[in-house]
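Visitor: Okay, predicted coordinates and the sequence, questions at the end:
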Amino acid sequence: MDQMDDEIMTMFVEDSCEHLENIETALMDLERGGADIDEELVNTVFRAAHSIKGGAGFLNLTNIRDLAHKLEGLLHMIRNREIVPDTRVINRLLAGFDRLRGLMASAADSDQEDIAAMLADLSGLTAEHLSPEQLAQAAATVPISLPDGEVVFREDELSLRQALTGGKNLYLVEYDLIHDVQARGKTPLDIINTMEASGLIVDCRMDLTSVGDIDAPPSNRIPFYVLFASLVEPDIVSYLFALNGKAIHPVDLAALPEAPAVASDPAEVLVFGPWRLTIAGQRASLTVEAGAVPDAAEARQALLACLERGLSVEVSWADAAGVDLALLQVMVSAGVSFAHRGLTFIHQGGAPEGLARLAERAGITPTILETLELPAATLFAPEGPHGQ
């Protein structure tokens, strides 16, 4: 097995490096698009993370697998428009993929690296954008078992539900590396690539413990388990992979726990002049009254209320009749403060009339915003309905 393992490791690293080759360019292009998400770009980056996760799962490269999984989760939420790929988000993704590239440089020893801080950072960013129900699902563990009751995988419920969107079926597939893979002149990476063409690999692993002790009867079998989500129906899935139907176990989705009912407090509404601040759970939205000329001091009070509670905020002010330099200064300083505290500060629906011209006259350029770690779209988004 050692020679085969070395060959598989080499193939995995080469394949992964190929996936990572143009990631930085794709992410920068994604950032420039802002809320107008290019789905093909997101899918390209998502597939890279997902493919690396699958290969690392087979090779038991825990650090690479876990980091790829965290990146994959963020990209899934961007694809579903649950997260806007602003500068802060893209910087985290760039840092994550850069770390992944570094781990790949010494893949065999990658588990000796300490990546706990990066995993926690990515988890925190994801959690900021999850609803209370999703947070509960992320914390819940679902066992996936063989018919005899042996637990093969333990998955978080949120990842399972994300994988099953679109009405997919879920299968626990048993391959035998000796007879189903090696004897047919294939490698586990061939199997992974074939399955990815018709569905989504949720998890996979090789079970070397089944080989047993040297003084035990030879098992002549090395299981390779794959948790697979696909639209392919149970009656034809065995033909797709040329496996005996007994090796494919549909997972009863009815056995998954119901989405937890999480009690949520009614939304709290605070009014600051023409600004309306709505707080629900850990999220806040700040909206200006249509046609109003918003006051900078009142906007500052509303944003400070969010900071005091540690809340990320979405600002909708495209319907404002106009803005002045004082309000512009409040918004820029708020962006800096929210970023420094690890909170999201997003502008939705475009910018008020004249905002970009006002920022330009004040010398506040996209380049300056980037040095403050603020997305240029904060102030230079397409202007709202009052704009030209």
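Guide: Structure received.
Visitor: How about the contacts made by Asn191?
Guide: Check again: residue 191 is Ile, not Asn. Shown in contact with Ile191 (C-beta atoms under 8 Å, 6 or more residues apart in numbering): 175, 181, 224, 226, 241. Every residue, glycine included, has its C-beta placed from N, CA and C.
Visitor: For it, give its distance to Met206.
Guide: Distance, Ile191 to Met206, using C-beta to C-beta, to the nearest Å: 11 Å.
Visitor: Among the contacts of Ile191, which one sits closest to Asp36?
Guide: Of all these, Val226 has the smallest distance to Asp36: 36.0 Å, by C-beta to C-beta.
Visitor: Doesn't that closest one lie inside a strand?
Guide: Yes: secondary structure of Val226 (DSSP: H, G, I helix; E, B strand; the rest coil): part of a strand.
Visitor: Tell me what it is bridged to.
Guide: Using DSSP bridges, the bridge partners assigned to Val226 are Val173, Cys204.
Visitor: Please tell me I have it right and it contacts Gly199.
Guide: No: assessed by C-beta atoms under 8 Å, Val226 is found out of contact with Gly199, at 10.0 Å.
Visitor: the more surrounded of the two?
Guide: In this view Val226 and Gly199 are compared by other C-beta atoms under 10 Å, and Val226 has more residues nearby, 26 against 20.
Visitor: Local confidence estimate at the more buried one?
Guide: Note on Val226: pLDDT of 87.
Visitor: check which helix or strand covers the one residue sitting closest to the centre of the chain.
Guide: Ranked by distance to the mean C-alpha position of the chain (C-alpha atoms, centre = their mean), the top residue is Leu74 at 1.5 Å. Following DSSP states H and E, the helix or strand that holds Leu74 is helix 62-79.
Visitor: Common neighbours of Ile191 and Met206, please.
Guide: By C-beta under 8 Å, 6+ apart, the residues touching both Ile191 and Met206 are Phe224.
Visitor: Flag the shaky bits of the protein, pLDDT-wise.
Guide: Residue ranges of the chain with pLDDT under 70: 1-5, 183, 188, 208-220, 253-266, 281-282, 349-350, 366-388.
Visitor: quick check: domain ranges of it?
Guide: Domain ranges of the chain: 1-129, 141-264, 268-380, per automatic domain parsing.
Visitor: What ranges does the stretch 151-300 of the chain have for its strands?
Guide: 151-156, 169-176, 200-206, 223-230, 248-250, 268-272, 275-280, 283-288 (DSSP state E, counting those that start in this stretch).
Visitor: Kind regards, and thank you for your time.
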